[in-house]
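**Student:** everything below, folded, please.
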Amino acid sequence: MKHKVWFDSKNGILREEFHGPITLDMLPGYFDKVVELFKDKQHRYSLIDLAHADDSLSDKKIRKELLEQAKRVMYQKVAYIGMKPFQRMLVRAVLASGKVLARDLSAQMPEVKFCKTIEEAVEWLKGEKV
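**Tutor:** Purely as a prediction, here's the structure:
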């Protein structure tokens, strides 16, 4: 898997980096790993780096599957970095769809912020002043 996911123990956050295409067949296994890494953690904060991802999010099936898989995780805060304007628009579309879905299921959506740097994202996730 080209994509990387690990728990940053120093900062208490999950780090996710996407490289190249995001495919339907990789998402269940990827989110299995995310769920496992969050096991027994106090917070479910994640920094998602899309600087090296392609435009797979333009595929409606990919966006739908991302929402389905993300429900398993129950993120509390998510900071995104490294996004092109088009990717940001697609992520906002996914988030908007998730909010509608969350209302229907009485689920909670995570706090989300688009950041310019890793440092800014880590500070926000940890609740430090930015």
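**Student:** C-alpha from now on. contacts and neighbour counts both.
**Tutor:** Noted.
**Student:** the protein: helices as residue ranges?
**Tutor:** Assigned by DSSP state H, the chain shows helices spanning 27-38, 60-73, 85-105, 118-126.
**Student:** can you tell me how far the spatially most central residue of the chain sits from Leu14?
**Tutor:** Nearest to the geometric centre of the chain sits Ile48, at 5.1 Å (Cα atoms, centre = their mean). From Ile48 across to Leu14, the span is 8 Å (Cα to Cα, to the nearest Å).
**Student:** cool, and Ser58?
**Tutor:** Between Ser58 and Leu14 the distance is 25 Å, computed by Cα to Cα.
**Student:** so those two - more neighbours on which side?
**Tutor:** Leu14 (20 against 15; other Cα atoms under 10 Å).
**Student:** tell me, how many residues neighbour Pro21?
**Tutor:** Neighbour count for Pro21, taken as other Cα under 10 Å: 15.
**Student:** no wait, Ile13
**Tutor:** 23.
**Student:** and Lys2, what does it touch?
**Tutor:** Contact analysis of Lys2 by Cα atoms under 8 Å, 6 or more residues apart in numbering lists Phe18, His19, Gly20.
**Student:** and of these, the nearest to Tyr80?
**Tutor:** Phe18 (11.3 Å; Cα to Cα).
**Student:** isn't that closest one right up against Leu57?
**Tutor:** No. With contact defined as Cα atoms under 8 Å, Phe18 does not count as touching Leu57 (11.6 Å).
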